[in-house]
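>>> Please work out how this folds:
(one chain, ligands or ions: 2)
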Amino acid sequence: MSEYNFNDIQIAIIEELGLNTSPSELADLLSASDKNAEELEIVLKLANALYRSGHPVIDDLKYDGLSEQLKELDPQNAFLAAVEPEVLIDSKTVPLPQKMLSTDKAYSFEEIKKWTERITKAASEINVDHNTIELKITPKLDGYAAYDDGAILYTRGDGTRGQDITRAFERGLKIANNGERGLGPGEIVIKKSYFDEVLSDKFENSRNIQAAIIAEKKIDEDVQKAIDDGACVFYPFLELENWIGNIEELLSNFENILEKMWNAVDYDIDGLILETTNEPIKAHMGATRKFHRWQIAFKVNDESAEVEVLKVVPQTSRTGRVSPVAELAPTKLSGATLSRATVHHYNMVKTNGVGPGAIIRLVRSGLVIPKIEEVIKPAEPELPENCPSCNAHLIWEADHLMCPNKSDCPAQTENTLIHFFKTLGNIDGFGPKVIEKITNYGVKHIHEIYEIPKYKFVGFGFGDKTSQNLVDQLKASREIEIEDWRFLAAFGVSRLAGGNCEKLLQHHSLVELFDVSVEQMVQIDGFAQLSAEAIVEGMNNVREEFFKVFELGFNLAITPKLADRENSESPIADAVVVFTGAMQQGSRGDMEKHAKSLGAKVAKSVTGKTTYLVTGEKVGETKINAARDKGVKVLTEQEYLDLIG
Ligand SMILES: NC(=O)c1ccc[n+]([C@@H]2O[C@H](COP(=O)([O-])OP(=O)(O)OC[C@H]3O[C@@H](n4cnc5c(N)ncnc54)[C@H](O)[C@@H]3O)[C@@H](O)[C@H]2O)c1
Ligand SMILES: [Zn+2]
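Ligands and ions are numbered 1, 2, ... in the order given. The predicted model follows:
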């Protein structure tokens, strides 16, 4: 007997699929532990059809596992290469206004990093300045994909043709956030808290309900009530909470950013969507038949294990904070063997009893370093008294143990130097190994490194060629242009990562910044009292070293001042501009870039906040009228060019 049984609806869908295999044979196939490529394809087609119609037979993890197996056995398989289609019973389809694709998937920091490298490469191929690459992260809603063109609501269908489900709006389905129509792709979803409180007794999962909202047949009264209560919505992706930033910010603060987006909405999500927003890059990268190359879904395999702690090792960071790292009995989790995990801070080690012999629950949630979720069996906490690097007596500062030896702690010195070259990022050669060797000979400051002649490098034990290369690299690091905000960030002042440096430098020059007071800093958007105090103090601490390095003469690109932009009397300063249709004067990407340089905000779609809609060729009347209805000024390309002069 198979563990799978199909109900009547499922059997009807299976028949519609036309697999030439009877339901009972399919049930057996589903339970079979070993499947060949052909069988895997059948099972995936079956599971997909049932899933899309709201009656899944297996869970996503199992489905994704089977897809992986098929990919290994038959990498070219046609089912894997295309968008997984909906299967419809007796329904007409209509062409979609725009292709709707699936997404490529990543399960680790490394995969995301590789994806950003592909974006960087694409940008350089079309001469897009690396610094203008913008990334956006949104929650990946786990509902029913749909597209709203303002008149019709469509299902995703097979990606090119979908079903007309405008009836869902007629049934009262609301649009998340501001209720605007015509915002393109989105997802029909149900509020998590509402499902748990009101619907979970009656429905197994929210997928059943989504299917009911769009079905042709009469609607269940609980579902109608959920619609009326505003718990079911169509959520246009454009309206989603998002994180916007650049590649460096993402990679340097990956876990925090992802965690924040992960908890941003009260709807089921099955990952996060990362994408670049630069149109020229998107156009250049393009798409496969299944997914856009400029977009990727970050998913997690939530798996956990109970693991024994062997010992807790202290590590001193560049700021003197000592972090506890737990060494673990090696454990296999989500395909990787883990033997270390970070503990939040030493107060947690102390209060939760993390020490040799403790049993913890380890979760690998796809993030870079696994985290300790809970301590199941505490032990005697293992707390260090002295800095593992310089032996100074550690002191408590709130939840953390700190090494107070600012001037003479090798770990702090090394990590500060490593941070400098890593952040500068314009040369190779000064990684941890080289820095360690140099500091062993008493070099403690950045400016001292720049003064090392070749023969000294040889004396430190580097080969002749390597020594020459190190000298050349140091010279190059001053010659290759770098942004002034990156240069400042390299000094590692707390709360002064790239983003904040850039914000400050939009108001003050690099040199001026060292004399900005806390009162002046809080005037700048984004700096609260406490951060401003910490930044001013931190800058004071690095002042001497900063100017010694600065005076070596770096090739710094100056961040443009906001004031210059505002004073330029640009006719579109602060206007929100949307370009649509084919332009004559140059690519749309170029026009958008130019508009931004004039201080305008460029948006992708018309909303109530739009100031101008600039129309190229072949733009439909409906779109133009819809924009006018929202009070947007519609300009032809020529009218726009006249406006900006
Ligand atoms: N359990 C099953 O039997 C079964 C069957 C088929 C598919 N699945 C699951 O579905 C996945 C593939 O489905 P898919 O191709 O529909 O989706 P996908 O996971 O590849 O994601 C693509 C879709 O994400 C949606 N999306 C949600 N939030 C978004 C956002 N913020 N920005 C952009 N797009 C967003 C879009 O509608 C888009 O079509 C599989 O990996 C599997 O986990 C499960
Ligand atoms: Zn120390």
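>>> From the contact counts, what lies against the longest helix seen in the chain?
Scanning the chain for the helix with the most residues, using DSSP state H, yields helix 529-550. Other helices and strands packing on helix 529-550, by 3 or more Cβ pairs under 8 Å, 6 or more residues apart in numbering; DSSP states H and E, are helix 446-450, helix 498-505, helix 510-513, helix 518-521. The C-beta positions use only the backbone N, C-alpha and C, and glycine is treated the same way.
>>> out of the ones you listed, nearest to Leu26?
helix 498-505 (52.8 Å; Cβ to Cβ).
>>> quick revisit: name the next helix or strand downstream of the longest helix of the chain, please.
Downstream of helix 529-550, the next assigned helix or strand under DSSP states H and E is strand 556-557.
>>> what's the model's confidence in that following strand, averaged?
Averaged across strand 556-557, pLDDT comes to 88.
>>> In its sheet, which strands sit next to it, and in what direction?
strand 482-483 (parallel) (DSSP bridges).
>>> Give the next helix or strand downstream of the strand it pairs with.
helix 484-489.
>>> buried residues in the longest helix of the chain?
Ser531, Ala532, Ile535, Val536, Gly538, Met539, Val542, Glu545, Phe546, Val549, Phe550 (16 or more other Cβ atoms under 10 Å).
>>> Can you get me a residue count around the residue of the stretch 151-300 of the chain found nearest ligand 2?
Among the residues of the stretch 151-300 of the chain, Ser252 lies closest to ligand 2, at 23.7 Å counting by Cβ to the ion. Other residues near Ser252 come to 15 when the count uses other Cβ atoms under 10 Å.
>>> Just list the residues touching it, thanks.
Under the criterion of Cβ atoms under 8 Å, 6 or more residues apart in numbering, the neighbours of Ser252 are Ala497, Gly498.
>>> 10 Å - rerun?
For Ser252, the contact set (Cβ atoms under 10 Å, 6 or more residues apart in numbering) comprises Lys422, Thr423, Ala489, Ala497, Gly498, Gly499.
>>> residues from the stretch 51-200 of the chain in reach of ligand 1?
Within the stretch 51-200 of the chain, the positions near ligand 1 by Cβ under 6 Å from any ligand atom are 51, 56, 58-60, 63-64, 84, 100, 102-103, 138-141, 145, 156, 187.
>>> If we use 5 Å, what do you get?
For the stretch 51-200 of the chain, the residues in contact with ligand 1 (Cβ under 5 Å from any ligand atom) are 51, 56, 58, 60, 63-64, 84, 102-103, 138, 140-141, 145, 187.
>>> buried set for stretch 81-89?
With burial defined by 16+ other Cβ under 10 Å, the residues of stretch 81-89 counted as buried are Val83, Glu84, Pro85, Glu86, Val87, Leu88.
>>> Could you tell me the model confidence score at the spatially closest residue to the first one that is not a sequence neighbour?
Looking back up the chat, that one is Val83. In this structure, Val83 finds its nearest non-sequential neighbour in Gly159, 3.6 Å apart by Cβ to Cβ, 6 or more residues apart in numbering. Among the per-residue scores, Gly159 shows a pLDDT of 89.
>>> quick one on the thing from earlier: quick check, nearest of the contacts of Ser252 to Gly230?
Closest to Gly230, out of all of those and judged by Cβ to Cβ, is Gly499, at 35.6 Å.
>>> which element is the residue nearest to that closest one when sequence neighbours are not counted on?
Of all residues not flanking Gly499 in the chain, Glu249 sits nearest, at 5.4 Å (Cβ to Cβ, 6+ apart). Here Glu249 is covered by helix 247-252, with elements defined by DSSP H and E.
>>> Okay, now the unreliable bits of the stretch 351-500 of the chain?
Where the stretch 351-500 of the chain drops to pLDDT under 70, the residues are 364-371.
>>> and what of the chain?
1-2, 88-91, 301-302, 334-336, 364-371, 564-568.
>>> Show me how it divides into domains.
8-81, 94-298, 303-402, 410-557, 566-644 (automatic domain parsing).
>>> Near ligand 2, which residues of this protein? Just list them.
Cys387, Ser389, Cys390, Ala392, Cys403, Asn405, Cys409 (Cβ under 5 Å from the ion).
>>> Following the helix or strand encompassing Lys311 in sequence, what is the next regular element?
Assigning secondary structure by DSSP H and E places Lys311 in strand 303-316. Using DSSP H and E, the helix or strand that follows strand 303-316 in sequence is strand 321-333.
>>> Secondary structure of Ile438: a helix, I assume?
Yes: under DSSP: H, G, I helix; E, B strand; the rest coil, Ile438 falls within a helix.
>>> Numbering from 858 from now on, please.
All set: I'll call the first residue 858, so the last point we hit is now Ile1295.
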